[in-house]
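> Output the structure for:
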Amino acid sequence: MTQSLAPFVLLTPERRDAIVDDLLKKRPSKGPIPHLVTDEESYCGRYHEYRMLTVSDHEGWGYSDDELYRCGLRSEDTVRDYCIARFYNNEWDHGRWGETAGRKAGLSRKVNRLTDRLVRRVEVMMETGSQPALYAVKEGASYYGDTIGYVFGSNRDHAEQLAAAFYGHLSSEGPSKVVWAGYPTLCAYEKAVARMQKVAESTKADLERRIEKLQKKLVDDQNRAAATAMMLMQQLEDFDLAEVEPDAAAAK
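Predicted coordinates for the structure are as follows:
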């Protein structure tokens, strides 16, 4: 029914840094896949104008999807943190006036180039589910549905098979959607388990609050019922009220 998971290992820091150094060049040339780099006038989405851009005829700039994915740089934020740690020794003042214009410009150039050449490609892999990953299993087919569990999958198809097998009985809205939630690592496993435990604890706390609220309401309702019976009985005695409804009394 399902395929087995192949071993997954992030690139060594040395190999990752070598790829980063090459991609930071204007014309990357160290990748194992031959590719043609040219300068052409194209629309730049970052600056919203046509500019002379350096482009490659290979989506990975000479590197395979597998290598780019295993660099571990999956977002602009992770790239920024990596650059600050590697090129600035983790010494960076994030305040508005904390850094010189030169250092800010240098960091921006690095982050923008790596985002355009590496992160954008990794985002495609995450969106299409083409790589091994931790996948979140959603309630129903919506990306925004509640997360009902996690699975490790070699790709999205594999993850969907596992989700149907292990979580199908827990979804009340049909087949579950699976979305990328992390690299297939021990750290990702620990975070996934912690998230689900936190959800369970939150639900338990919410349930206890509701039970306490309902118990208080039950006591209040019982007290109101007793007070109502006592008041009406007193009124029956004080006003000598009829024991039958007027219509019924008239019919006799």
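
> Tell me the helices and strands packed up against the top helix by length along the chain.
Scanning the chain for the helix with the most residues, using DSSP state H, yields helix 186-239. When contacts are defined as 3 or more Cβ pairs under 8 Å, 6 or more residues apart in numbering; DSSP states H and E, helix 186-239 packs onto strand 133-138, strand 147-153, strand 178-182. For glycine as for every other residue, the C-beta is placed from the backbone atoms N, C-alpha and C.

> okay, the ones you listed, which one's buried deepest?
Greatest average neighbour count among those goes to strand 133-138 (a mean of 25), per mean count of other Cβ atoms under 10 Å.

> got the angle for it vs strand 178-182?
Strand 133-138 runs at 130 degrees relative to strand 178-182, counting by axes from the mean of the first three to the mean of the last three Cα atoms, to 10 degrees.

> quick one: strands adjacent to whichever strand or helix holds S42?
Element membership of S42, judged by DSSP states H and E, is strand 37-44. With DSSP bridges as the test, strand 37-44 is paired with strand 49-56 (antiparallel).

> quick revisit: tell me the angle of the longest helix of the chain relative to strand 133-138?
Between helix 186-239 and strand 133-138, the angle comes out at 20 degrees (the same axes, to 10 degrees).

> confidence score at the residue lying closest to D22 once chain neighbours are set aside?
Once flanking residues are discounted, D22 sits nearest to K30: 4.2 Å by Cβ to Cβ, 6 or more residues apart in numbering. In this prediction, K30 carries a pLDDT score of 94.

> Just the mean pLDDT for stretch 125-145, thanks.
Stretch 125-145 comes out at a mean pLDDT of 90.

> show me the contacts for the residue nearest to D22.
Contacts for K30 (Cβ atoms under 8 Å, 6 or more residues apart in numbering) come out as A18, I19, D22, G62.

> Could you look up the SS state of it?
Secondary structure for K30, judged by DSSP: H, G, I helix; E, B strand; the rest coil, is coil.

> quick one, phi/psi of it?
Main-chain torsions, K30, degrees, to the nearest 10: phi -100, psi -10.
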